[in-house]
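K.L.:
Return atomic coordinates for the entry below.
(one chain, ligands or ions: 2)
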Amino acid sequence: MKERQFLSIIQGTLYCVCAVTVLVVAATVFILLPEGVTQDENSTEPVVGVVDVEAKKDDVWLPPDSSFIPKASNAALVAYGKELVSHTAVYLGPRGKVMTISNGMNCQNCHLKSGTKPFGNHYGAVAPNYPKFRARSGTIENVEKRVNDCIERSLNGQKLDTGSREMKAFVAYILWVGQEVPKGSIPKGAGLWELKPMDRAADPAKGMYVYQKNCLICHGENAGGEKFPEGIEWKYPPLAGENSYNVGAGLYRLSRFAGFVKTNMPHGTTYEKAVLTDEEAWDVAAYINSLPRPTRDLSQDWPDISTKPFDHPFGPYADGFSEQQHKYGPFEPIKLASKKNN
Ligand code: HEC
Ligand code: HEC
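P.N.:
Ligands and ions are numbered 1, 2, ... in the order given. Purely as a prediction, here's the structure:
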């Protein structure tokens with residue numbers, strides 16, 4: 001009898017312990033449930049732009065997944081815009097089926113993953129900030145103007161008619177990417193990585209070695225790239241030569257090129273695990289941007305020359321530094337001087 005009593009006390013205690021454990025676990029899961037996957041209780045719809053918890057730790061904003069496009073009110077246009085960003089050459093390149101106005105590159109070659117990759121030049125800062133004043137043109141630019149800028153410079157082409165279905169689609173998609181971002185803010189991970197400056201000039205000769213070791217296997221001899229066998233899109237896009245971006249493009253500025261490469265190249269690299277050191281990125285940028293490429297008349301750019309970025313490689317300048325130093329650095333003295341003047 002005593003034994004039985006003893007056993008039932010033990011049993012009771014065990015039940016208690018179990019119940020408490022279950023409660024504690026449930027409460028913990030509930031409290032730790034990451035914000036991104038919490039669901040609105042009144043809705044069975046998943047939250048748009050559900051985020052990856054790992055990436056959220058350092059506050060990097062992730063653009064919405066393209067599987068949400070069909071939910072947009074202008075879904076067909078947004079979907080066409082994504083297609084144009086991803087396969088520009090098929091529609092607008094030298095053998096394009098809609099128009100032949102650009103050099104055969106895809107927007108996605110530089111705006112990775114259809115313009116949605118963190119620190120891969122994504123479009124998340126466009127919807128909340130345009131129209132905006134840009135010093136390069138000295139005017140307030142809308143999204144159409146900015147898209148045409150990349151077509152005329154990065155794709156070395158002719159601008160699209162603002163009323164065209166293609167332009168409307170580009171704009172619809174780019175705005176869709178950043179639709180959730182609060183007005184006036186720049187989400188972390190938009191655009192390009194800012195590298196630490198070097199105290200020396202970037203060196204094309206050193207950069208050539210970086211290129212041979214890390215890039216040549218894909219981008220090829222003379223950085224001329226390689227096309228897919230059908231001959232329309234690039235398997236490995238050109239970094240220099242007649243099919244590449246022209247001297248008016250963003251990547252022709254050393255800090256833009258180096259920042260892009262640091263977090264994205266060799267292909268597959270992410271900002272969480274860069275392959276090149278900052279020095280290697282600066283030097284390979286110097287090497288590539290010392291190679292021949294298409295030119296462009298830039299005489300209308302930066303009507304106020306004092307607003308030229310430190311690494312804009314064409315004078316005249318408001319400071320006393322040479323075109324050579326504005327192209328390759330060292331940039332710190334230039335930045336310091338411009339701070340003093342402002
Ligand atoms: C050769 C590389 C390259 C290609 C190809 C390219 N771009 Fe760009 N684009 C850039 C760079 C570099 C920037 C400026 C990024 C910075 O300074 O942070 C930029 C900026 C932009 C911006 C402004 C982003 C912002 O946050 O203000 C838009 C919009 C844009 N590009 C659209 C396009 C579209 C559409 C295409 C294809 C028709 C395209 N780009 C093709 C390199 C490229
Ligand atoms: C494994 C192959 C591979 C390697 C290695 C590689 N790239 Fe790329 N690179 C690509 C591909 C593919 C793209 C286009 C990405 C896309 O469309 O999604 C690209 C795009 C680029 C672009 C933007 C588009 C353009 O043509 O201007 C630049 C700049 C670039 N790479 C530079 C480099 C540099 C510098 C290195 C060496 C540090 C490098 N890449 C190494 C495959 C590679």
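
K.L.:
Show me the domain layout of the protein.
P.N.:
Annotated domains of the chain cover 61-177, 204-341 [automatic domain parsing].

K.L.:
pLDDT averaged over the last one - what is it?
P.N.:
So the one you mean is domain 204-341. When pLDDT is averaged over domain 204-341, the result is 97.

K.L.:
what does the shortest one give?
P.N.:
Looking at domain 61-177 alone, the average pLDDT works out to 98.

K.L.:
Quote the end-to-end distance of it.
P.N.:
The separation between the terminal residues of domain 61-177, taken as CA to CA, to the nearest Å, is 11 Å.

K.L.:
Distance from the chain centre to that domain, please.
P.N.:
The chain centroid and the centroid of domain 61-177 are separated by 12 Å under CA atoms, centre = their mean, to the nearest Å.

K.L.:
Next: the last one.
P.N.:
Using CA atoms, centre = their mean, the mean C-alpha position of domain 204-341 is found 15 Å from that of the whole chain.

K.L.:
what do you get for stretch 191-209?
P.N.:
Its chain's C-alpha centre and that of stretch 191-209 lie 19 Å apart, by CA atoms, centre = their mean.

K.L.:
touching ligand 2 at all, that stretch?
P.N.:
No. Using CB under 6 Å from any ligand atom, stretch 191-209 stays clear of ligand 2, with a minimum separation of 8.6 Å. C-betas here are computed from N, CA, C, even on glycine.

K.L.:
For that stretch, which residues meet the burial criterion?
P.N.:
Neighbour-count burial for stretch 191-209, with 16 or more other CB atoms under 10 Å as criterion, is recorded at 191, 192, 193, 195, 198, 201, 202, 203, 204, 206, 207, 208.

K.L.:
what's the residue nearest to the spatial centre of the chain in contact with, if anything?
P.N.:
Taking CA atoms, centre = their mean as the criterion, residue 121 is the residue nearest the geometric centre of the chain, at 1.2 Å. Applying CB atoms under 8 Å, 6 or more residues apart in numbering, we find residue 121 in contact with 110, 111, 112, 115, 191, 192, 260.

K.L.:
State the number of residues packed around the nearest residue to it once chain neighbours are set aside.
P.N.:
What sits nearest to residue 121 in space, not counting adjacent residues and going by CB to CB, 6 or more residues apart in numbering, is residue 111, at 4.8 Å. Neighbour count of residue 111, defined by other CB atoms under 10 Å: 21.

K.L.:
sorry, back to before: now, which of the buried residues of stretch 191-209 lie within helices?
P.N.:
Per DSSP state H, helices hold the following members of the buried residues of stretch 191-209: 204, 206, 207, 208.

K.L.:
any idea which of the residues you listed is closest to residue 58?
P.N.:
Within these, proximity to residue 58 (CB to CB) peaks at residue 207, which comes in at 29.6 Å.

K.L.:
Can you pull the residues of the stretch 201-342 of the chain lying near ligand 2?
P.N.:
214-215, 217-219, 236-239, 245, 251, 260-261, 265-267, 276, 284.

K.L.:
And those residues, which of them are buried?
P.N.:
Neighbour-count burial (16+ other CB under 10 Å) is assigned, among those, to 214-215, 219, 236-239, 245, 251, 260-261, 265, 276, 284.

K.L.:
Output these in CSV; the columns should cover secondary structure.
P.N.:
What follows is these, written out as CSV (DSSP: H, G, I helix; E, B strand; the rest coil):
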residue, secondary structure
214, helix
215, coil
219, helix
236, strand
237, coil
238, coil
239, coil
245, coil
251, helix
260, helix
261, helix
265, coil
276, coil
284, helix
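
K.L.:
ok, and which of those residues reach ligand 1?
P.N.:
With CB under 6 Å from any ligand atom as the criterion, these include 245, 251 near ligand 1.

K.L.:
the strands in the stretch 101-250 of the chain, which residues?
P.N.:
Assigned by DSSP state E, counting those that start in this stretch, the stretch 101-250 of the chain shows strands spanning 132-134, 139-141, 226-227, 234-236.

K.L.:
first vs last residue of stretch 148-164, how far apart are they?
P.N.:
Using CA to CA, the end-to-end distance of stretch 148-164 comes to 12 Å.

K.L.:
swap in stretch 159-167?
P.N.:
10 Å.

K.L.:
Contacts for it, please.
P.N.:
77, 80, 84, 91-92, 98-99, 101, 144, 147-148, 151-152, 170.

K.L.:
And the furthest pair within those?
P.N.:
Between any two of those, the greatest separation by CB to CB is 22.8 Å, found for 77 and 152.
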